[in-house]
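# Quick check, what structure comes out for this input:
(2 chains)
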Amino acid sequence: MTAHSIEPYDFRAIETRWRDTWRKGGYFHVDTKARENTFYYLNMFPYPSGYLHVGHGRNYIIGDVLTRFYRMRGYHILNPMGWDAFGLPAENAAIDRGIHPREWTVKNIAHAKEQFRAWGIEYDWDREISTCDPDYYRWTQWLFLELYKKGLAYRKLATVNYCPQCKTVLANEQVVGGACERCGTPPEPKTLEQWFFKITEYADRLLDDLAKLESWPESVKKMQENWIGKSEGAEVVFKTEKGDDLVVFTTRPDTLWGATFMVLAPEHALVDKLATKEQKAEVAAYRDRAIRTSDIDRLSTERDKTGVFTGAYAVNPANNERIPIWIADYVLMSYGTGAIMAVPAHDERDFAFALRYGLPILPVIERLDRRARAFVPSSAVGGDFEKVARADELSIESVAGGFVIDCAWDNVNRAVRLIQTALEPNGWASVVGTRFAFIFHDAVIAHDSAAADREIVARCALLTGATFNARTAMEILTKIPAYEGLLFHAGVGTMQHSGRFSGTRGDQAKDIVTAWLEKGQKGKKAITYRLHDWLISRQRYWGAPIPIINCKKCGEVPVPEKDLPVLLPDVAFIGKMGLADIPGYADTTCPKCGGKAKRDTDTMDTFVDSSWYYLRFINPHDARRAFVRDDVDHWLPVNQYVGGVEHAILHLLYSRFVTKALFDMGHVGFEEPFARLFTQGMVCHTAYKCPEHGWLYPKEVADGNRCPHCQKPLENPYFSMSKSKKNVVDPSEIIDRVGADTERLYTLFMGPPDRDIEWSEEGIRGSFRFLNRVWALVVEATPRLAPRTAAADPATLDADGAALWRRVHRTVRKVSEDIQDRFSFNTAVSAIMELTNDLGRYLEREDADPALLREAVDTLILILSPICPFLGEELWRRVGHEGSPLEVGWPRYRVDALAADTIEIPVQINGKLRAKVAVPAEVAADAEALKAAALADPEVKAKLEGVELLKAIAVPNKMVSLVVKAP
RNA sequence: GCGAGGGUGGCGGAAUUGGCAGACGCGCUAGCCUUAGGAGCUAGUGCCUUCGGGCGUGCGGGUUCGAGUCCCGCCCUUCGCACCA
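Residues are numbered from 1 along each chain as shown, chains lettered A, B, ... in the order given. Purely as a prediction, here's the structure:
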């Protein structure tokens, strides 16, 4: 570059100049009546919580780049923006500041819009919506009523977290570490009538239709699948001795013969009835403790399983064994039937519980490997036992305290006979694995029933004497180190010890047992989901009121559609209140009978607001309808939806549910709301933590990474940006120092968009430097450009020129594909950088071709303009054009410009790169010609001197691989 | 524990279909320029080297003319779910 000083890149002036140009030009207004070339791009709308940091910016910058790109490609692109404006943080902030949540929300929205403007991020602002606006929540209420009419909204008693200090109900997310997030008091369970949406009715469709979502990330689909948590199995009816039916759900009906006890959730309805007089007090105490602790502190995953015997018994329908009924908090009332049959031999939790409480553990499923192992204490047999076993070709090994014999399933019996023969009269041994048995000198007792278990324990106790203290056969076995890992397995295998079902193959066992249960009316095939109905009631102020009226005479009456919206009462906000606390709000008249009635005082979960907003954007101002069917049917499903992975489950699942419900009601003609989903990674940044003073702002931190208060060395963990960790970067500071274009460029360049990335000051500087180079280069080139209609003629270019010309076209193709098909903005940016580098080198030539310069410079500006729109506008005018790059259209590439005349082909000899040959393109494309050219190359010839060529492989346009043998 | 990602120079990352590993950027080194700046320009920059070459994409095997990429077995790490019967 020449040394004379040129005009500097004045990003402040440039960004100020073009800041409103797109809005004024109406470039992003779209007519939703359009039916051709339409594209619905949607970013998840934000919660207006103060201000957006550079991490939030990533999401919207990606959207803005894509929108500008599609716009240049001639699409009618719909890219709207709105505000998920209801919710708890607004109430909390309002409480702290003594203002109304609406005031706080409105202020934040205004500030966020100003941030978008500074970022150069444009939307069709005529479509702005805010969920706290009556014109919006009126239709949220309409949605509620539609679901209600369909029987998909209903009310039932449910337990919520109630904070006795704040005197209010807490949402789950307000309970942090088992305490109220505001005051730290542990919440109490409280049972209230609550509204639910019957999402479970759609569980199967929500699960099955995931397969149709081909352009969703696999991880998100998997998360939804896990969340829905479908398990297939059977319900089995156990009769209690008092005559009640106790229904359990199991995924392993084939293990029924191994069910040696039952466990109920402490809250189970039958607990009171079942508990015997002697056990009642203990049961009640355990249950009360469980109810209090269950939801509060689940964090200790590895806590011991506890439980209490109810005193009652049930009958195992498979073998009529009498089995005890326990209660334990490891069984959850919220899953299945709240009761289980415990099969301790094949369920890890049941195994631990049974060992702890001395309940029998009976193996009923064979191990897949069908191996067995016997342990023979040395005191139980004579001195020549080892020799005898060897003579019988058994694999015997001497271990501490005795011998271990490993057998395959077909020689277990032989080993057992041998051991029995060798036993002293008071000795005993055991075998586990494919066969479980205890061996005595006068009998071999299979460990296959509770009675056998008792007999084994009694015999062992007798033989062992006072030191014996095991309660079950399994407990004896767990004390033998050689058996570690062999006593328990949860695999599917052949049934054993299961009466006439013994020997049933594992792959058929479940079906065969289920069929038998159904035939004998002892149970049936059943499916259980982890997914629960969606609790939408919030006892809060800042949300959409539930449009239901309770009349003493008529009962539950929906508010007639003509009376919507049910407005939030416009009262001074006093904090910590729900609608129930507002005098007069609930008083109304019954729409049916006209008598006195009460309004429902719950508001809706904000996920209801966001479960349908993507529909409202199509006709945001329609006063008569939530949306227009014909229009939404055209524009939806959303072509591209982009947001944070933190919404992978709830928001996306609720939206899918609502769409399916609306489809069933005939309101929309599609079953899935979002055709393509992309989840962007988070932006991380170093945080500073003092062990004593907590999180510190970077600017507080003194030199040497020490705490300014106590001089202690600080920890520097690396976290996604969050206010609480004080590691956010404010975009206004970046924009002020290097400009929005630099921030946009850096945000895209720093890494693949689906991965978490670290914000770095050095990276910002590099991006800023690049834009300065682009600026200088274009300013430098401007007087040397051919007129703006000129295009380069490749025939007249020299080698350097032709190379640049090819680079221009290759770059257009790469950037187009990277943006549109691959969502790979970082590589698109690096391609633009490479073009800039080449252009800079070419520009150093005095005789640079003016038409080529024109083509290269124009192209560079155009493909950079979606990423750096301010600079794009400025430079486009500078090089002599009128209007915005947005009006020009995305540049096209020439296919004939993609390939060079001469291609350099690497040559490998025995897998190692040994030479490169330059060949004409038509030679490189032909395997035989390419092979010949490589072999004729002097360098290759020299390397082949004196060796024998065994094989030559030529891959057209790629490489030549030679296999040789040294003499 | 279950599920899904990820592991490549000093750092962020690239390699799209099994075909030249390290594009692009940061940092660093040397030089130039300069009324000195956290500026700009030029060159270099994976490691080792006896200057022939050798080694190199978490580790160990395998397939192949050829493996960052495919297969088998491990290790580490991030995220999500987690007593789900």
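
# make it CA atoms for all contacts and neighbour counts henceforth
Fine.

# I'd say residue A:874 and residue A:14 touch.
Yes. With contact defined as CA atoms under 8 Å, residue A:874 reaches residue A:14; the gap is 6.6 Å.

# What segments of the stretch 751-900 of chain A are strands?
A:757-758 (DSSP state E, counting those that start in this stretch).

# What parts of it come near RNA strand B?
A:751-752, A:755-758, A:761-763, A:765-767, A:769-770, A:773, A:814, A:818, A:826-827, A:829-831, A:833-834, A:837, A:841 (CA under 7 Å from any atom of the strand).

# what residues does the stretch 101-250 of chain A put near RNA strand B?
Close to RNA strand B, as judged by CA under 7 Å from any atom of the strand, the stretch 101-250 of chain A has residues A:218, A:219, A:222, A:223, A:226, A:227, A:229, A:231, A:233, A:249, A:250.

# One more pass at 6 Å, please.
Neighbours of RNA strand B within the stretch 101-250 of chain A, by CA under 6 Å from any atom of the strand: A:219, A:222, A:223, A:231, A:249, A:250.

# What residue in the stretch 101-250 of chain A comes nearest to RNA strand B?
Closest contact between the stretch 101-250 of chain A and RNA strand B, by CA to the nearest atom of the strand, is at residue A:250 (2.8 Å).

# Report the beta-bridge partners for that residue.
Residue A:250 has these beta-bridge partners by DSSP bridges: residue A:234.

# shaky segments in the stretch 101-250 of chain A?
Scanning the stretch 101-250 of chain A with the threshold set as pLDDT under 70 gives A:166-168, A:170-183.

# higher neighbour count, residue A:874 and residue A:14?
Counting neighbours by other CA atoms under 10 Å for residue A:874 and for residue A:14 shows that residue A:874 has the greater number, 20 against 17.

# so residue A:557 touches residue A:588, yeah?
No. If you go by CA under 8 Å, residue A:557 and residue A:588 don't touch, sitting 11.9 Å apart.

# ok so, going back, can you tell me which of the residues of the stretch 751-900 of chain A next to RNA strand B are in helices?
Counted as lying in helices by DSSP state H, out of these, are A:761-763, A:765-767, A:769-770, A:773, A:814, A:818, A:826-827, A:829-831, A:833-834, A:837, A:841.

# Only the buried members of those: can you turn that into a ChimeraX selection?
In ChimeraX, this line selects whichever of these come out buried by 16 or more other CA atoms under 10 Å:
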select /A:763,767,770,773,814,818,826,827,829,831,833,837
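
# dump the residue contacts of residue A:242.
By CA atoms under 8 Å, 6 or more residues apart in numbering, residue A:242 lies in contact with residue A:274.

# quick one: the helices in the stretch 401-550 of chain A?
A:412-422, A:450-464, A:473-478, A:506-519 (DSSP state H, counting those that start in this stretch).

# Quick check: buried residues in the last one?
Along helix A:506-519, the positions that meet the burial threshold by neighbour count (16+ other CA under 10 Å) are A:506, A:509, A:510, A:511, A:513, A:514, A:515, A:517.

# How about stretch A:362-377?
Applying 16+ other CA under 10 Å to stretch A:362-377 flags A:362-367, A:371-377 as buried.

# Mind picking the lowest-pLDDT entry from the buried residues of helix A:506-519?
Lowest-confidence member of those: residue A:506, scoring 87 (pLDDT).

# With adjacent residues omitted, what lies nearest to that residue?
residue A:493 (4.1 Å; CA to CA, 6 or more residues apart in numbering).

# Could you pull up the contacting residues of that neighbour?
A:365, A:366, A:367, A:368, A:505, A:506, A:507.

# pretty sure the second one contacts residue A:502?
No. Under the criterion of CA under 8 Å, residue A:366 is not in contact with residue A:502, lying 9.8 Å apart.

# list residues touching both of those two?
By CA under 8 Å, 6+ apart, the residues touching both residue A:366 and residue A:502 are A:494, A:495, A:496.

# ok, back up a step: mind putting the buried residues of helix A:506-519 into JSON lines with distance to residue A:54?
Shown next, in JSON lines, are the buried residues of helix A:506-519 (distance: CA to CA, whole Å):
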{"residue": "A:506", "distance to residue A:54": "55"}
{"residue": "A:509", "distance to residue A:54": "57"}
{"residue": "A:510", "distance to residue A:54": "54"}
{"residue": "A:511", "distance to residue A:54": "56"}
{"residue": "A:513", "distance to residue A:54": "59"}
{"residue": "A:514", "distance to residue A:54": "57"}
{"residue": "A:515", "distance to residue A:54": "60"}
{"residue": "A:517", "distance to residue A:54": "60"}
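
# Which one of those residues is nearest to residue A:945?
residue A:506 (64.7 Å; CA to CA).

# Please list all residues in contact with the closest one.
A:492, A:493, A:494, A:495.
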